[in-house]
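Enquirer: predicted coordinates and the sequence they were generated for:
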Amino acid sequence: MDRPALWRAGWRKSSRSKASSNCVEVAGLRSGIGIRDSKSPAGPVLAIATAEWAVFVNAVKVGEHDLD
């Protein structure tokens, strides 16, 4: 995906994030989901398939990635 398309993507972060810019941001892309570091919006973007994102989010919801 070209850089202008990534800049126009609707990037968002968790509503639980604090006001600082140290967050992971996600955006829906034509080809799936983009993930980036909010401290570096012009930096690299990890692009994954929508189905893979859904599996990850569901795993987080049920506690599979808890640090406790």
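Expert: Happy to help now that I have it.
Enquirer: elements contacting the longest helix along the chain?
Expert: Longest helix in the chain, counting residues (DSSP state H): helix 50-61. Where contact means 3 or more CB pairs under 8 Å, 6 or more residues apart in numbering; DSSP states H and E, helix 50-61 is packed against strand 32-37. The way it works is simple: take the backbone N, C-alpha and C, and place the C-beta from them, glycine included.
Enquirer: the strand it packs on pairs with which strands, parallel or anti?
Expert: The pairing partners recorded for strand 32-37 under DSSP bridges are strand 24-29 (antiparallel), strand 46-48 (antiparallel).
Enquirer: what distance do you get for the closest residue to Ser38 other than its chain neighbours to Leu67?
Expert: Among residues not flanking Ser38 along the chain, Cys23 sits closest, at 4.3 Å (CB to CB, 6 or more residues apart in numbering). According to CB to CB, to the nearest Å, Cys23 and Leu67 sit 17 Å apart.
Enquirer: neighbour-wise, which of these two wins?
Expert: Cys23 (18 against 3; other CB atoms under 10 Å).
Enquirer: measure the more buried one to Val62 for me?
Expert: Cys23 is 23 Å from Val62, by CB to CB.
Enquirer: isn't Pro41 up against Trp11?
Expert: Yes - judged on CB atoms under 8 Å, Pro41 makes contact with Trp11 at a distance of 7.4 Å.
Enquirer: shared neighbours of those two, anything?
Expert: Glu25 (CB atoms under 8 Å, 6 or more residues apart in numbering).
Enquirer: between those two, which is the more surrounded one?
Expert: Of the pair Pro41 and Trp11, Trp11 is the one with more neighbours under other CB under 10 Å, namely 18 against 13.
Enquirer: list phi and psi for the more buried one.
Expert: In terms of degrees, to the nearest 10, the main-chain angles of Trp11 are phi -70, psi 140.
Enquirer: ok so, going back, okay but the residue nearest to Ser38 is in contact with Arg16, surely?
Expert: No - if you go by CB under 8 Å, Cys23 and Arg16 don't touch, sitting 9.7 Å apart.
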